[in-house]
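In: Predicted model and sequence below, questions to follow.
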Amino acid sequence: MVDRGTGPADDAGPADGTGPADDGGPADGAGPADGAGRAEEAGRADNAPADEAERADRAARIGPEAEARAAKESDAVAGSPAAAHPGGAPEPHTGDVAGKLNWLRAGVLGANDGIVSTAGLVVGVAAVNPGATSAILVAGIAGLVSGAVSMALGEYVSVSTQRDTEKALIAKETYELETFPEQEFAELVGLYRHQGLSKETATRVAHELTAHDALGSHLHIELGINEEQLTNPWQAALASAIAFTVGAVLPILAILLTPVPAARILVTVGVVLLALALTGVVSARLGGARRGPAVVRLLVGGAVGMGFTYGIGTLLGVSGG
């Protein structure tokens with residue numbers, strides 16, 4: 001009796017049905033499957049650097065002429081805070097845009113609140129008695145002053161909190177760069193690789209940026225902060241207060257300068273809606289956004305606000321009368 005563990009059957013004998021099958025024969029039905037498996041593995045190996053190939057394909061679409069033009073035009077981008085955009089209009093490439101958006105946000109919010117809240121206040125009083133000029137004036141002025149102060153304080157407190165948080169993050173990043181420079185450098189490389197750069201390019205970029213401005217590079221890529229362009233609470237407070245005052249004056253003048261008391265509410269509503277539409281147009285133009293959505297948002301919000309206050313004034317006036 002042949003021992004299967006040591007006899008020639010282990011090499012090629014058909015007695016145990018394993019000889020040729022071990023070499024990939026069809027006896028165990030594994031031959032073609034093994035070939036397909038090897039092909040699949042080879043395919044996966046070929047596709048392993050897919051991200052690298054994709055990056056190379058994107059880079060290949062930029063021809064030599066485009067690269068030469070980009071090298072020339074990049075000098076203007078590097079030396080100017082506002083470089084030419086393909087559309088022809090200047091486009092900001094610095095943190096100045098954050099400051100612009102800060103006061104624009106505060107200004108639009110202040111103007112909208114001034115118009116709507118003051119209009120709602122005087123319309124609500126006029127709904128009780130359209131001829132009560134003194135009461136309407138007192139209510140309007142009180143709403144203007146209290147609203148402007150409230151808006152300014154609110155903006156100052158909220159933006160100061162944001163600024164304090166940004167300063168704390170800057171201090172934390174400064175400490176980490178001084179204490180763990182190698183770990184921070186590795187983190188910078190990893191962040192640039194996450195944005196699509198190859199390992200070699202990310203390492204080179206991290207080296208150059210670290211040599212130029214290590215803290216600024218980490219603040220930009222990690223936190224989106226520009227140390228020289230932190231939010232300004234005084235700017236936001238002043239913009240909000242001025243915008244609120246200008247917005248509040250309009251409904252007050254509209255309702256007081258209308259000679260016929262019965263027409264005061266209608267005239268005020270018309271002036272307010274026109275002012276809101278103008279605010280939407282100006283804000284969209286300053287921000288480079290579409291005018292339609294901005295105008296619709298303000299008009300709908302203003303109309304709803306005045307409708308509520310008019311209804312409350314009418315209800316309380318009737319029940320009080």
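Out: Yes, it's here. Residues are numbered from 1 along each chain as shown.

In: from here on, contacts and neighbour counts on C-alpha atoms
Out: Will do.

In: who's in contact with the closest residue to residue 258 other than its chain neighbours?
Out: Ranked by CA to CA, 6 or more residues apart in numbering and with sequence neighbours excluded, the top spatial neighbour of residue 258 is residue 264, at 5.7 Å. Counting by CA atoms under 8 Å, 6 or more residues apart in numbering, residue 264 makes contact with 126, 130, 254-256, 258.

In: Quick check on the residues you listed: which are buried?
Out: Burial by neighbour count, 16 or more other CA atoms under 10 Å: within these this picks out 126, 130, 254-256.

In: and those, which of them are in helices?
Out: Using DSSP state H, the members of these that fall in helices are 126, 254-256.

In: Mind picking the two most distant members of these?
Out: Of all pairs drawn from these, the one with the longest distance (CA to CA) is 126 and 254, at 12.2 Å.

In: rewinding a little: tabulate the buried ones among the contacts of residue 264 in TSV, adding columns for pLDDT.
Out: What follows is those, written out as TSV (pLDDT from 0 to 100):
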residue	pLDDT
126	90
130	89
254	94
255	93
256	93
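
In: For the residue nearest to residue 258, give me the pLDDT.
Out: Looking at residue 264, its pLDDT reads 92.

In: Contacts only, for residue 283.
Out: With contacts defined as CA under 8 Å, 6+ apart, the neighbours of residue 283 are 104, 108, 294.

In: Number of residues surrounding the closest residue to residue 295 other than its chain neighbours?
Out: By the measure of CA to CA, 6+ apart, the closest residue to residue 295 outside its immediate chain neighbours is residue 280, 4.4 Å from it. Burial of residue 280 is recorded as 24 neighbouring residues (other CA atoms under 10 Å).

In: residues contacting residue 280?
Out: Residue 280 makes contact with 291, 294-295, 298 under the criterion CA under 8 Å, 6+ apart.

In: among those, which are in helices?
Out: In this view, the contacts of residue 280 that belong to helices under DSSP H are 291, 294-295, 298.

In: What is the nearest of those to residue 113?
Out: Taking CA to CA as the measure, residue 113 lies nearest residue 298 of the ones in helices among the contacts of residue 280, at 10.1 Å.

In: Might you report the residue contacts of the closest one?
Out: Residue 298 makes contacts with 112, 276-277, 280, as judged by CA under 8 Å, 6+ apart.

In: do residue 132 as well
Out: When contacts are counted by CA under 8 Å, 6+ apart, residue 132 is found next to residue 126.

In: And it, how close does it get to residue 215?
Out: When distances are taken as CA to CA, to the nearest Å, residue 132 and residue 215 turn out to be 63 Å apart.

In: swap in residue 161?
Out: Distance from residue 161 to residue 215, by CA to CA: 22 Å.
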